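S.K.: Sequence and predicted structure, then a few things I'm wondering about:
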Amino acid sequence: MDREKLKQRTNKRSKMKKTILIAILLVFLLSCSSKKEYFTKEIKDGITYIHNFKLPLSDIDLEPELIIGNEEKDTEIFSQISDIKEDNNRNIYIVDRKNNEIKVFSNEGKFVRIIGRKGEGPAEFNEPESIGFLNDKIFVSDTENRRFQLFDMKGNFIRTQKLEDDIPERFEISSDNQIHNKSIVFRFGNNQPENLLFRIYDLDFNKIGEFGSLRQFKEPFETFVMNISSFIIDSKNRVIVNFQVENKIQIFENNKLIKQIKRELFFKPTKPDIKTKGSDGSYNFSASYEPISYGLAIDTKDNIYVLTSYEIKSDEKEKEDEEYFSIILEIYNKDGILKQAIPIRGISPTKIYINKENKIYLIDSDEMKVIRYKAVL
């Protein structure tokens with residue numbers, strides 16, 4: 001074969017390779033362009049702002065595997081469930097704020113014991129709010145008695161602990177053994193809101209930090225309502241806060257705000273109607289509003305779960321019929337990107353908890369039942 005023919009063949013092969021490479025590149029670019037992103041991301045002053053756009057509702061249905069709450073059994077009657085958690089032995093603890101007690105069940109739903117009763121003495125509660133476990137001890141925030149109470153894992157009383165200038169409310173214990181207490185943001189005594197959402201204590205209940213500024217409003221009670229929130233701590237000790245009235249989720253790391261998440265809502269929120277009356281230093285307050293979202297939870301992969309209101313459209317009502325729903329379960333990944341929106345059918349949940357097996361507990365606020373569902377991720 002002479003040099004000229006060899007050169008022509010080499011050039012031909014080179015052109016074919018280039019054509020194949022261009023075709024592969026075009027396919028790649030087309031696949032990337034066809035994959036629509038449903039969020040925007042912006043970094044400003046060191047804070048990442050994420051806005052999630054509306055995603056189609058998932059066709060997944062939560063699959064229940066356990067229900068606790070039978071009106072025919074005294075042990076399964078609840079008045080107002082404020083918290084629910086599992087201990088390391090997978091026993092289920094249900095905090096009943098109005099009945100001033102904690103009911104303990106096995107993981108199969110069998111009643112085990114009651115901890116506490118109404119009162120101001122040891123092992124007595126006045127509207128307990130939250131429960132946690134650490135070093136074979138049970139921690140309970142005894143809110144209206146303005147103290148923590150500690151018990152052993154059999155429910156025996158150990159001691160009480162007051163907090164200096166603070167009231168125990170919702171709390172979580174981080175993996176580095178710090179107690180994060182959500183501060184009361186409104187005090188009737190001086191009608192002034194606190195400036196911070198959270199205070200941090202060590203295991204001896206010494207204050208070691210505080211963080212989370214409030215959005216301020218003209219009236220103290222309005223500041224209180226607009227800052228109603230729930231929170232959880234992930235595996236990296238980041239504090240995730242979900243606001244009930246405002247459309248935002250905030251993430252704090254080392255006591256600093258690092259991320260704020262917003263999403264396209266499935267309904268148009270209304271501004272809270274807040275009324276105040278005052279005379280001689282005494283105030284009466286009332287507020288009516290439709291919450292944007294309710295509970296907050298996190299799974300073992302740091303996916304974030306949020307219960308959010310959903311306003312069903314008139315044409316959807318005919319399709320749904322008896323399967324009407326008004327709450328959806330939003331699931332975000334650890335970066336704050338909304339991945340799923342699952343309709344919650346048949347119940348009206350206001351609180352959520354996820355155990356170490358990623359099973360979902362929902363509290364039905366209408367019938368006051370606890371329902372455990374199989375994991376969805």
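M.R.: It's in.
S.K.: Where does the prediction get shaky in the stretch 1-150 of the chain?
M.R.: 1-36 (pLDDT under 70).
S.K.: residue boundaries of the strands in the stretch 201-350 of the chain?
M.R.: 207-213, 229-233, 239-243, 249-253, 256-263, 273-279, 282-288, 293-298, 304-309, 327-332, 338-344, 349-354 (DSSP state E, counting those that start in this stretch).
S.K.: Alpha carbons only: can I get the third one in CSV?
M.R.: Spelled out, it's strand 239-243. Output in CSV follows, covering the C-alpha atoms of strand 239-243 (Å, rounded to 0.1, in the frame of the first residue of the first chain):
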residue,chain,number,x,y,z
VAL,A,239,-29.5,21.6,64.1
ILE,A,240,-32.4,21.7,61.6
VAL,A,241,-35.3,24.0,62.4
ASN,A,242,-38.7,23.9,60.7
PHE,A,243,-41.0,27.0,61.2
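S.K.: average model confidence for that strand?
M.R.: Across strand 239-243, pLDDT averages out at 95.
S.K.: Which per-residue confidence value corresponds to the residue sitting nearest the centre point of the chain?
M.R.: Residue closest to the average C-alpha location in the chain (Cα atoms, centre = their mean): L296, at 1.0 Å. With respect to pLDDT, L296 scores 96.
S.K.: ok, P269 to F78 distance?
M.R.: Taking Cβ to Cβ, to the nearest Å as the criterion, P269 is separated from F78 by 29 Å. C-beta here means a position set from N, CA and C on the backbone, and glycine is covered the same way.
S.K.: How about K44?
M.R.: Going from K44 to F78 by Cβ to Cβ gives 45 Å.
S.K.: The two: which has the busier surroundings?
M.R.: In terms of neighbours (other Cβ atoms under 10 Å), F78 is the more surrounded of K44 and F78; the figures are 21 against 8.
S.K.: Nearest to D152, out of the strands of the stretch 201-350 of the chain?
M.R.: strand 349-354 (22.4 Å; Cβ to Cβ).
S.K.: quick one: contacts of the closest one?
M.R.: 81-85, 294-299, 305, 307, 327, 329, 360-365 (Cβ atoms under 8 Å, 6 or more residues apart in numbering).
S.K.: What strands line up against it, and which way round?
M.R.: Each strand paired with strand 349-354, and its direction, by DSSP bridges: strand 360-364 (antiparallel).
S.K.: For ChimeraX, write the select line for the buried members of the contacts of strand 349-354.
M.R.: A single ChimeraX command selects the buried members of these (16 or more other Cβ atoms under 10 Å):
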select :81,82,83,84,85,294,295,296,297,298,299,305,307,327,329,360,361,362,363,364
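S.K.: sorry, back to before: mind checking which of the strands of the stretch 201-350 of the chain is nearest Q161?
M.R.: Between Q161 and the strands of the stretch 201-350 of the chain, the shortest gap by Cβ to Cβ is with strand 207-213, which sits at 12.4 Å.
S.K.: pLDDT of the closest one, averaged?
M.R.: Here the average pLDDT along strand 207-213 is 90.
S.K.: In contact with the residue nearest to E108 when sequence neighbours are not counted, which residues are there?
M.R.: Spatial nearest neighbour of E108, chain neighbours left out: L66 (7.5 Å); criterion: Cβ to Cβ, 6 or more residues apart in numbering. Residues near L66 by Cβ under 8 Å, 6+ apart: 108-109, 371-372.
S.K.: List phi and psi for F151.
M.R.: phi -130, psi 160 (degrees, to the nearest 10).
S.K.: tell me which element the nearest residue to it once chain neighbours are set aside is part of?
M.R.: Distances taken as Cβ to Cβ, 6+ apart put I138 closest to F151, at 4.2 Å, once the chain neighbours are dropped. Assigned by DSSP states H and E, I138 belongs to strand 137-142.
S.K.: Quickly run through the sheet partners of that strand, with directions.
M.R.: If you go by DSSP bridges, strand 137-142 pairs up with strand 128-134 (antiparallel), strand 147-152 (antiparallel).
S.K.: quick one, what contacts V370?
M.R.: 67-69, 81, 84, 92, 94, 361-364.
S.K.: To clarify, my last question referred to I94.
M.R.: By Cβ under 8 Å, 6+ apart, the residues touching I94 are 68, 78, 81, 83-84, 102-105, 370.
S.K.: Same check on Q161?
M.R.: 147-150, 205.
S.K.: Dump the residues you listed to JSON lines, plus neighbour count and distance to K182.
M.R.: As requested, those are exported to JSON lines (neighbours: other Cβ atoms under 10 Å; distance: Cβ to Cβ, whole Å):
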{"residue": "R147", "neighbour count": "20", "distance to K182": "16"}
{"residue": "F148", "neighbour count": "23", "distance to K182": "13"}
{"residue": "Q149", "neighbour count": "23", "distance to K182": "17"}
{"residue": "L150", "neighbour count": "14", "distance to K182": "19"}
{"residue": "F205", "neighbour count": "16", "distance to K182": "15"}
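S.K.: Greatest separation within those residues: which pair is it?
M.R.: Greatest spacing in those, by Cβ to Cβ: Q149 and F205 (12.0 Å).
S.K.: surely G119 meets E127?
M.R.: No. Using Cβ atoms under 8 Å, G119 is not in contact with E127; the gap is 11.8 Å.
S.K.: When the two are compared, which one has more neighbours?
M.R.: Per other Cβ under 10 Å, whichever of G119 and E127 has more neighbours is E127, with 18 against 12.
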